[in-house]
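> quick one, structure for this:
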Amino acid sequence: MKVIIDHREPEKFRGLFSDEDVVSVEQLKCGDFLINDQWVFERKTIRDLCISLADGRLFKQALRLVQSAHHPVIILEGCSNEIREFGMRREAVQGALITLSVFFGLPVLRSLEPEETVRLMRYTAEQGVRFAEGGVQRAGYRPKGRKARQLYVLQSLPGIGKKRAETLLEHFGGIEAVMSADEDKLTEVDGIGAPIAEKIRNIVQETGVSYNVYKD
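Okay, the predicted model is just below:
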């Protein structure tokens with residue numbers, strides 16, 4: 001495999017790949033591992049997930065992944081019982097994973113440790129080759145082009161069809177601006193009323209009461 005590891009990942013990952021793999025360390029624009037210039041993997045430990053969920057980075061990272069030219073995959077590393085150690089309710093994490101997998105369309109794989117994370121990346125790349133050689137088309141629609149992918153993501157929001165997605169993109173100029181806009185800004189867009197604006201904010205809101213934490 002040809003492997004590019006983001007420079008922020010632990011040094012030990014370089015040694016976990018096979019001697020036959022071509023491994024380099026670079027600064028990736030999104031994700032933590034780029035495999036065969038086809039698969040981009042975002043690795044998150046349970047700690048990373050809880051922190052990025054609490055500080056509002058999680059869904060912004062998801063947006064960058066779905067806009068990538070590569071096939072994005074999230075690998076969640078660690079044991080579920082670690083969630084409570086970081087003051088996060090299991091339900092809040094489950095809600096975030098639902099948003100990532102269902103609304104953003106990002107596959108989420110589970111791993112217990114770095115060694116298994118590397119194995120999962122290898123299995124994915126190898127099965128991708130076998131899948132392509134079998135002549136079976138990859139399930140689901142994956143739009144081509146940056147704008148098409150942006151519109152595709154926006155249409156996953158509640159109450160947003162193709163026409164409203166185009167209007168939002170034209171008004172705000174990009175997905176991140178749409179996701180960051182408050183309800184008042186959203187209702188300035190033609191066709192977006194208060195009920196739809198509220199639903200959008202409920203989906204993309206990254207902090208607040210929906211992320212209940214344990215209190216002593």
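
> show me what the helix or strand of the chain with the lowest mean pLDDT is packed up against.
Every helix and strand in the chain was compared by mean pLDDT, DSSP states H and E; the lowest is helix 146-154, with a mean of 79. Packed against helix 146-154, as judged by 3 or more CB pairs under 8 Å, 6 or more residues apart in numbering; DSSP states H and E, are the following elements: helix 58-66, helix 162-172, helix 175-180. For the C-beta atoms, the positions are set from N, CA and C on the backbone; glycine is no exception.

> deepest of these, which one?
Highest mean neighbour count among the helices and strands packed on helix 146-154 (mean count of other CB atoms under 10 Å): helix 58-66, with a mean of 20.

> report the next helix or strand after it in sequence order.
strand 71-77 (DSSP states H and E).

> give the buried residues for whichever helix or strand comes after that following strand.
Per DSSP H and E, strand 71-77 leads on to helix 90-98 as the next helix or strand towards the C-terminus. Neighbour counts over helix 90-98 (16 or more other CB atoms under 10 Å) mark 92, 93, 96, 97 as buried.

> centroid-nearest residue for this protein?
Nearest residue to the geometric centre of the chain (CA atoms, centre = their mean): residue 62, 3.0 Å.

> the lengthiest helix in the chain vs strand 71-77, what angle?
Secondary structure of the chain read by DSSP state H shows that its longest helix is helix 114-133. The directions of helix 114-133 and strand 71-77 differ by 150 degrees, with axes from the mean of the first three to the mean of the last three CA atoms, to 10 degrees as the criterion.

> just to revisit the earlier point, would you list the helices and strands packed on helix 146-154 in TSV and tack on mean pLDDT and distance to residue 122?
Formatted as TSV, the helices and strands packed on helix 146-154 follow (pLDDT from 0 to 100; distance: least, CB to CB, whole Å):
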stretch	mean pLDDT	distance to residue 122
helix 58-66	87	20
helix 162-172	90	36
helix 175-180	81	31
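
> domains of the protein?
As given by automatic domain parsing, the domain ranges for the chain are 2-133, 146-204.

> and these, which one averages the lowest pLDDT?
Of all those, the minimum mean pLDDT falls on domain 146-204 (a mean of 85).

> ok, residues contacting the longest helix of the chain?
Helix 114-133 has contacts (CB atoms under 8 Å, 6 or more residues apart in numbering) with 1, 10, 12-13, 16-17, 33, 35-36, 38-39, 41, 43, 71, 73, 75, 77, 109, 111, 138.

> what does stretch 48-55 give?
44, 57-58, 61, 76, 83, 86-88, 92-93, 96, 206-207, 211.

> now do 6 Å
58, 86, 88, 96 (CB atoms under 6 Å, 6 or more residues apart in numbering).

> look up the closest residue to the last one, ignoring the ones flanking it.
It stands for residue 96. residue 53 (5.3 Å; CB to CB, 6 or more residues apart in numbering).

> quick check, residue 9 in a helix?
No - judged by DSSP: H, G, I helix; E, B strand; the rest coil, residue 9 forms no part of a helix; its state is coil.
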